[in-house]
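> Sharing a model prediction with you, sequence too.
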Amino acid sequence: MGTKQTSARPQATSRKAGKNPSPRTRTATPCGGVTHDNVRHTTRFTVIGNHLAQHAELSLLAIGLAVHIQSLPSGASVAIKSLAARFPEGTTRIAAALRELEAHGYLRRTPERTEDGRLVTRTVSCNRPGHTGTPDEPKPQAQPERPAHREDKPQPKRPARREDKPQRRALPAVPQPIYPAPEMLATALGVLSGLRRTDPRLLISATDAEHLVPGVAAWLERDLTPEAVHGALTTGLPQEPLHRPAALLAHRLTAQLPPLPLFRTPETSATRHPLQNCDTCDRAYRAPEPGTCAGCTG
């Protein structure tokens, strides 16, 4: 009977006991591809989703700018001038990247009026568009059982954890303006704030108003006056109590949205350009396309 031969290599010996593995991990890839030499971060790091880092429609500048903004602490300035002073791309390219992030939901800029009457822009950075900003609570890890000792004192029982409250239903989507100029958004916010003077049941929260402001701005873009929008939202309301006034307003803004005005030739009326945000001073002005206002150009 012949001897059976094998070409299997002998198993490698295990590492010495007590030697900690290195935190550096290296992933193998096919020839020509990238190889990651990763070290685990324990301090000063920011979690970025692949939906942003590998976004198929955002420019590389917009992705990098979104990563930088998400790494900043709350209260840091992200104005166009501040970013242009930090990076070499300039105000024009940075303003265009901010508009990209707004269009895809990674940035929200809403005008607000301060106590002294000034109009400022409130900027909200969204690391996951379309989801609420409530952070997920980390799940507690199971601890190994320890043998009881005589000197151990009995631990008091912790109170039972309350069940999470049901999440609030999201409001219906509202129309979006072609260009959300700060001046127009401020007017839309004033329309929503004045509804409760006609009907006290239309008192809404600041969060609901932030959701509804773009819908009102879309009406204002159709050459409607604030008074006309106010009347459309307050006329013919049901007599019964309104349990979700913001949802009713969102439905009316969508269902009763008037059509865009007909195109008028220059012979019949003067051309009215849309509102733009100046790439230098961030003020609103009228022009056929984004750029800088006359004050900053001159």
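Good, I have the coordinates. The model shown is predicted, which means the values in this text are computed figures rather than measured ones.
> CA atoms for contacts and neighbours, from now on please.
Will do.
> Retrieve the pLDDT associated with Thr114.
Thr114 carries a pLDDT value of 79.
> didn't it look like it was pressed against Val120?
Yes - if you go by C-alpha atoms under 8 Å, Thr114 and Val120 touch, sitting 7.1 Å apart.
> Which of the two has more residues huddled nearby?
More crowded of Thr114 and Val120, by other C-alpha atoms under 10 Å: Val120, with 14 against 9.
> tell me the SS of the more buried one?
strand (DSSP: H, G, I helix; E, B strand; the rest coil).
> Look up how far Arg272 lies from the closest residue in space to Asp223 that isn't next to it in sequence.
Spatial nearest neighbour of Asp223, excluding adjacent residues (C-alpha to C-alpha, 6 or more residues apart in numbering): Pro261 at 7.2 Å. For Pro261, the distance to Arg272 equals 12 Å [C-alpha to C-alpha, to the nearest Å].
> go on, His104?
His104 sits 27 Å away from Arg272, going by C-alpha to C-alpha.
> Neighbour count: those two, which is higher?
Neighbour count, other C-alpha under 10 Å: between His104 and Arg272, His104 has more, with 15 against 11.
> dump the residue contacts of the more buried one.
Counting by C-alpha atoms under 8 Å, 6 or more residues apart in numbering, His104 touches Pro129.
> How much space separates it from Ala62?
11 Å.
> And Leu72, how close does it get to Thr46?
Applying C-alpha to C-alpha, the value for Leu72 to Thr46 is 9 Å.
> Gln276 and Met184 touch, don't they?
No - assessed by C-alpha under 8 Å, Gln276 is found out of contact with Met184, at 10.6 Å.
> coming back round to it: the residue nearest to Asp223 belongs to a strand?
No - counting by three-state DSSP, Pro261 is not part of a strand but coil.
> what touches both of Gln276 and Met184?
By C-alpha under 8 Å, 6+ apart, no residue touches both Gln276 and Met184.
> For the residue nearest to Asp223, give its distance to Glu227.
Counting by C-alpha to C-alpha, the gap from Pro261 to Glu227 is 18 Å.
> swap in Leu253?
Taken as C-alpha to C-alpha, the span from Leu253 to Glu227 is 15 Å.
> which of the two has more neighbours?
Leu253 (23 against 9).
> wait, doesn't the more buried one sit right on Pro214?
No - using C-alpha under 8 Å, Leu253 is not in contact with Pro214; the gap is 9.8 Å.
> so what sits against both of those two?
With C-alpha under 8 Å, 6+ apart as the test, Leu253 and Pro214 both reach Val174, Pro175.
> and the residue nearest to Asp223, what pLDDT?
77.
> Quickly note the distance from it to Thr187.
For Pro261, the distance to Thr187 (C-alpha to C-alpha) stands at 20 Å.
> Could you break the protein into its assigned domains?
46-128, 182-261 (automatic domain parsing).
> Tell me which of those domains lies nearest to Gly295.
Closest to Gly295 of the domains of the chain, according to C-alpha to C-alpha: domain 46-128, at 15.2 Å.
> Endpoint to endpoint, the closest one covers what distance?
Length of domain 46-128, first residue to last, C-alpha to C-alpha: 13 Å.
> for stretch 218-230, same thing?
Terminal-residue distance, stretch 218-230 (C-alpha to C-alpha): 14 Å.
> can you give me how far that stretch is from the chain middle?
Distance, stretch centre to chain centre, for stretch 218-230: 26 Å (C-alpha atoms, centre = their mean, to the nearest Å).
> if you count what's nearby, which of Pro261 and Thr187 comes out ahead?
Thr187 (18 against 10).
> Just the pLDDT for that one.
For Thr187, pLDDT reads 92.
> can you tell me which helix or strand the closest residue to Val216 other than its chain neighbours belongs to?
Nearest residue to Val216, sequence neighbours excluded (C-alpha to C-alpha, 6+ apart): Ala188, at 5.3 Å. Element membership for Ala188 (DSSP states H and E) is helix 182-193.
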